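Colleague: Following is a predicted model, sequence given first.
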Amino acid sequence: MPQVKPGIATTIFAPDAVGEGFVEISPNKTMFIQKLTKNDPIRPEIVEGLSSVEQVFEHFKPAVEVELDKEDGSTLKENFQFGGLGDFDVKNLTNNSDYLKNLSVENDAYLKIIKQLKSNKTLKNVIDSTENKAAFINALKALAAELENQ
């Protein structure tokens, strides 16, 4: 009977009378395989003794340089380093990039404005009227100009 070591998020099926057992990833899991370093391997490397995800990240120290598209059409190169599975979370990726962090702050501000537009009845009435909307826009422009001059 073959020895099958259980891996992360796996189910081991015992061998039946005619064949060998096999390991299957649970249906509620996703396996994502990608090269996480810029260097191509010269030859396959067999590494023994790594028994946890943390040890794999510690040994290989994956990092990748990506190009982010900016609003003006230019690109910005960022280097992302991964020390664990949590580093792939959107929040952690955002926190590791100044550019993405600034975009996240802008996005949050826009979401708050949309929420205000949907819930603030007075503001909604101002925007619905063409004359009031124009006056409100002029007032905001004057306020922005005053803030820029200070």
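Modeller: Received it, and whenever you're ready, just let me know what you need.
Colleague: Can you tell me the closest non-neighbouring residue to residue 55?
Modeller: residue 49 (7.8 Å; Cβ to Cβ, 6 or more residues apart in numbering). All C-beta spots, glycine's among them, are computed from the backbone N, C-alpha and C.
Colleague: how close does the one you found sit to residue 58?
Modeller: Distance, residue 49 to residue 58, using Cβ to Cβ, to the nearest Å: 12 Å.
Colleague: gap between the residue nearest to residue 55 and residue 60?
Modeller: 13 Å.
Colleague: Between those two, which is the more surrounded one?
Modeller: Neighbour totals were compared for residue 49 and residue 60, and residue 60 leads with 14 against 6 (other Cβ atoms under 10 Å).
Colleague: can you pull the pLDDT of the more buried one?
Modeller: Residue 60 is assigned 85 on the pLDDT scale.
Colleague: Any idea which residue is closest to the centre of the protein?
Modeller: Nearest to the geometric centre of the chain sits residue 90, at 2.6 Å (Cα atoms, centre = their mean).
Colleague: how about the longest helix anywhere in the chain: buried residues?
Modeller: With secondary structure taken from DSSP state H, the chain has its longest helix at helix 98-119. Along helix 98-119, these residues count as buried under the neighbour rule (16 or more other Cβ atoms under 10 Å): residue 100.
Colleague: Kindly format the C-alpha coordinates of it as PDB.
Modeller: Below are the C-alpha coordinates for helix 98-119, written out as PDB (Å, rounded to 0.1, in the frame of the first residue of the first chain):
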ATOM      1  CA  ASP A  98       2.100  53.700  -1.700                       C
ATOM      2  CA  TYR A  99       0.300  54.100  -5.100                       C
ATOM      3  CA  LEU A 100      -2.300  51.500  -4.300                       C
ATOM      4  CA  LYS A 101      -2.800  53.000  -0.800                       C
ATOM      5  CA  ASN A 102      -3.500  56.400  -2.300                       C
ATOM      6  CA  LEU A 103      -6.000  54.900  -4.800                       C
ATOM      7  CA  SER A 104      -7.700  53.100  -1.900                       C
ATOM      8  CA  VAL A 105      -8.000  56.400   0.000                       C
ATOM      9  CA  GLU A 106      -9.500  58.100  -3.100                       C
ATOM     10  CA  ASN A 107     -11.900  55.200  -3.600                       C
ATOM     11  CA  ASP A 108     -13.100  55.300   0.000                       C
ATOM     12  CA  ALA A 109     -13.700  59.100  -0.300                       C
ATOM     13  CA  TYR A 110     -15.700  58.600  -3.500                       C
ATOM     14  CA  LEU A 111     -17.800  55.900  -1.800                       C
ATOM     15  CA  LYS A 112     -18.500  58.200   1.100                       C
ATOM     16  CA  ILE A 113     -19.600  61.000  -1.400                       C
ATOM     17  CA  ILE A 114     -21.900  58.500  -3.200                       C
ATOM     18  CA  LYS A 115     -23.400  57.400   0.200                       C
ATOM     19  CA  GLN A 116     -24.000  61.100   1.100                       C
ATOM     20  CA  LEU A 117     -25.600  61.700  -2.300                       C
ATOM     21  CA  LYS A 118     -28.000  58.800  -1.800                       C
ATOM     22  CA  SER A 119     -28.900  59.500   1.800                       C
END
